[in-house]
Every structure is written in C-alpha cells, then in structure tokens.
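Peer 1: predicted structure and sequence below. I'll ask about it afterward.
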Amino acid sequence: SELRPWIERRLDEAREALASVAARAGTVPYLGIPLALVPQPGRTRAHRQGTRLLVPAGDARPALERFFRRSARAEIAARLDSATTLAGSSYSGLDIRAQRTRWASCSASGRMSFNWRLLLAPERVLEYVVWHEVCHLEILDHSPRFWALVERRWPGYREDRHWLRQHGGTLVL
C-alpha cells in the first residue's frame, strides 16, 4: 500500500505511452519525421522513399526492426565519427543493439553500443545520446565533472535527457 502512488504513476505513464503509440497508427517516426507505412504484398524488406516507408503486408514489425537496425548503424556512425573528431577522441567499435534498460553505453576500452530505437526519437535526442557517450570516452562515471563536460559539448542537454525520460516508453514499433 505504501507503493500505491508510485504504482499508479507508472500505470498512468504506461497508458500515456500506449495512447501515444496508438495515435501514430499508419506511421512510424524516424528522427522526428513521421514516415507513412505503405504495405506491399510480396515485399520482404522495408524500403524508404522520402516520407514513405514501403513495408511487407501483414506483420511488418520484423522488417521494420531490420530497417531501423541498418539505418541506426549509418545514422549513429556518422554522428559518432563527427563528435569524436570534434572532441579529439576516438572509439574502438560500434554495436547496434536492442537493450532493454539502456539507450547506449561506452566501455572502458571505448567500444560504443547504441539502441536502434533511438531512431524513433527526435534527431536532437539522438545527438544528445551520442555526445553523452563521447563524453564517457574521457570520464566513465556520471560525476559532476562528467555532467559539466556534457554541458560544454551539448548545451541544453537537460531538455533532451528529460524528453527521453518522459517519452522513452513510446520508442517502440
């Protein structure tokens, strides 16, 4: 009973996330741009044409996830390369995954891992997560020194971090 207010808040958040996902029926977000899903019989892969995403008829989720994983590698690698060049640092490798509890991580050896679902967020949020991880190449913890570095490299990061906390539950297919 003492956890009841917390449980009710979490249930409300889940209901809001479900309503948000349901409201985008027929579309899927891609870095803040809604792509109209166009089912095509016989198609096995998702293919983007401007603001349209051609998908298999029926359950398109497997093809959509493959599309987002492929796209995430290209989108994130380009941003990561640019950010590390500007920061004067380097990373040892990039993995695209479907982590359940993290958006990204940076190992002590400089290996980067990003969640493909970040492509369902606005572009600025993805940029924030990239810079967050690039800052971890210098400071592996979340100390005040780390957050000061994030602030210098990505001013206004708090807004993007807040967006991710508020809307992260909606980043699903």
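Peer 2: Good, I have the coordinates. The structure displayed is predicted, hence computed values, not measured ones.
Peer 1: so how far is Glu13 from the residue of the chain positioned farthest from its centre?
Peer 2: Largest separation from the mean C-alpha position in the chain: Ser1, at 34.9 Å (CA atoms, centre = their mean). Ser1 sits 20 Å away from Glu13, taking CB to CB, to the nearest Å as the criterion. Placement of C-beta: from N, CA and C, glycine included.
Peer 1: now do the longest strand anywhere in the chain: distance to the chain's middle.
Peer 2: What stands out as the longest strand in the chain, according to DSSP state E, is strand 33-40. Put simply, strand 33-40 sits 19 Å off its chain's centre (CA atoms, centre = their mean, to the nearest Å).
Peer 1: just the buried residues of that strand, please?
Peer 2: Leu35, Leu37, Val38 (16 or more other CB atoms under 10 Å).
Peer 1: and the residue nearest the centre of this protein?
Peer 2: Leu118 (1.0 Å).
Peer 1: against Gly58, how distant is it?
Peer 2: For Leu118, the distance to Gly58 - CB to CB - is 27 Å.
Peer 1: of all the helix elements in this protein, which one is longest?
Peer 2: In the chain, taking DSSP state H as the definition, the longest helix is helix 61-87.
Peer 1: just checking, what packs against that helix?
Peer 2: Secondary-structure packing of helix 61-87 (3 or more CB pairs under 8 Å, 6 or more residues apart in numbering; DSSP states H and E): strand 47-49, strand 52-56, strand 93-97, strand 111-115, helix 123-136, helix 144-153.
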